[in-house]
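Peer 1: Please find the sequence and the predicted model below.
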Amino acid sequence: MRKLPGVFNDQQNTDALQFGSYINRIFELGYECKTVEELFAIAKEIKPKYEFATSGPKGYGKKKIENCINNFFTFNAALSETLAVEGNFKVEAETFTLNGIIDRIIIGEEGGFLVIDYKTSKSMKSPAELYSDPQMLMYTFAIHHMYDIPYTKITMAHWYPVQNKLVTVRIPERVVEQYVHRKLKNEVWTIRKLKTDEFKPKVNKFCNWCDMIGICPAYHTQTEINEEFKCKAGKIEEAKIARKAYYAEKDKKPT
Ligand code: SF4
């Protein structure tokens, strides 16, 4: 963390993260809900697991939560078939591996994918910002390789439940591949060149939001980490089979 001044701040308030996790979990558990009341029931049931201020100028009060849920209900009802929710990915890229979790993948009428990342932040990114966003670039690369789908059929999106806005972008193959094989590769090598004791994982209050917690040496033995990798690889294989079955049934494999 000493290598990330300005990014990591152990004193930072966790309300925004807790609120974001809470809202994301409602959407994850409730994407098949047929009524908004079912969503509110999920929200009520899981609320005790999350701690954030519900009053004050920076609080996340009842109105804000209700607004997010109502917006999600309308947004969700208009989406076509869901291929994956909170899907883990693990994709090899030359000499390193990309891991992450994708909030939602939707299969469109024409066989394309809409890949959605829910964002509860106050400020929204523009399509131009998404075009060069590292997370969007990595996810696009992962989706392309995991599902064997052309880049031209992948639409990446941020959906903002507070504002009820969907911001989308299609990132060309050239831009994604250059990012992964040049910029990201260089960053990985820079980290690898650090001495091991300079980059030891340090348990902190943000661990619950870390995508790496399932494979973090601070929490798991090497055997557990190896098992987790095997499990993730199995889930990806299942997703590939499900996708093939979907297109076989609908007879509309994307070109
Ligand atoms: S889970 Fe591990 S890698 Fe992630 S923040 Fe915590 S200590 Fe660091």
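Peer 2: Looks like it arrived, so ask away. Residues are numbered from 1 along each chain as shown.

Peer 1: residues contacting H158?
Peer 2: 116-119, 124-125, 130, 166-167 (Cβ atoms under 8 Å, 6 or more residues apart in numbering). To be clear about C-beta, it is placed using only N, CA and C from the backbone, and glycine gets the same treatment.

Peer 1: I'd like the distance between I26 and Q18.
Peer 2: 13 Å (Cβ to Cβ, to the nearest Å).

Peer 1: ok, those two, which is more surrounded?
Peer 2: Counted by other Cβ atoms under 10 Å, I26 and Q18 do not tie: I26 has more neighbours, with 25 against 18.

Peer 1: Helix or strand: which one has that one?
Peer 2: In this assignment (DSSP states H and E), I26 forms part of helix 15-30.

Peer 1: Do that helix and the ligand come into contact?
Peer 2: No - using Cβ under 6 Å from any ligand atom, helix 15-30 stays clear of the ligand, coming no nearer than 12.1 Å.

Peer 1: Could you pull up the mean pLDDT of that helix?
Peer 2: Averaging pLDDT along helix 15-30 gives 93.

Peer 1: Output the contacting helices and strands for it.
Peer 2: With contacts taken as 3 or more Cβ pairs under 8 Å, 6 or more residues apart in numbering; DSSP states H and E, helix 15-30 sits against helix 36-46, helix 62-77, strand 96-107, strand 113-118.

Peer 1: Let me know which of the ones you listed is the nearest to the ligand.
Peer 2: Closest of those to the ligand is strand 96-107, at 11.3 Å (criterion: Cβ to the nearest ligand atom).

Peer 1: export the closest one as CSV, just CAs?
Peer 2: Provided in CSV are the C-alpha atoms of strand 96-107 (Å, rounded to 0.1, in the frame of the first residue of the first chain):
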residue,chain,number,x,y,z
PHE,A,96,-0.3,-13.0,-16.2
THR,A,97,-3.9,-13.7,-15.2
LEU,A,98,-6.9,-11.4,-15.0
ASN,A,99,-9.4,-12.0,-12.2
GLY,A,100,-12.5,-10.2,-11.4
ILE,A,101,-16.3,-10.2,-10.8
ILE,A,102,-18.8,-8.9,-13.4
ASP,A,103,-22.1,-7.7,-12.0
ARG,A,104,-24.4,-8.7,-14.9
ILE,A,105,-24.2,-10.0,-18.4
ILE,A,106,-27.3,-9.7,-20.6
ILE,A,107,-27.8,-11.4,-24.0
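
Peer 1: domain parsing for the chain?
Peer 2: The chain breaks down into these domains under automatic domain parsing: 13-78, 81-250.

Peer 1: what's the least confident stretch among those?
Peer 2: Looking at the domains of the chain, the lowest mean pLDDT belongs to domain 81-250 (a mean of 84).

Peer 1: And the ligand, is that one touching that?
Peer 2: Yes - counting by Cβ under 6 Å from any ligand atom, the ligand is contacted by domain 81-250 at 201-204, 206-207, 210, 212-213, 216, 218.

Peer 1: and which of the contacts of H158 is nearest to V180?
Peer 2: Set against V180, the nearest of the contacts of H158 by Cβ to Cβ is L130 (16.3 Å).

Peer 1: Quickly find the element holding the closest one.
Peer 2: Element membership of L130 [criterion: DSSP H and E] is helix 127-131.

Peer 1: Tell me the spatial nearest neighbour of the residue nearest the centre of the chain, not counting adjacent residues.
Peer 2: Central residue of the chain (Cα atoms, centre = their mean): I102, 3.4 Å from the mean position. Closest residue in space to I102, ignoring its immediate chain neighbours: G87 at 4.9 Å, by Cβ to Cβ, 6 or more residues apart in numbering.

Peer 1: G100 is in contact with that neighbour, correct?
Peer 2: No - using Cβ atoms under 8 Å, G87 makes no contact with G100, being 9.2 Å away.
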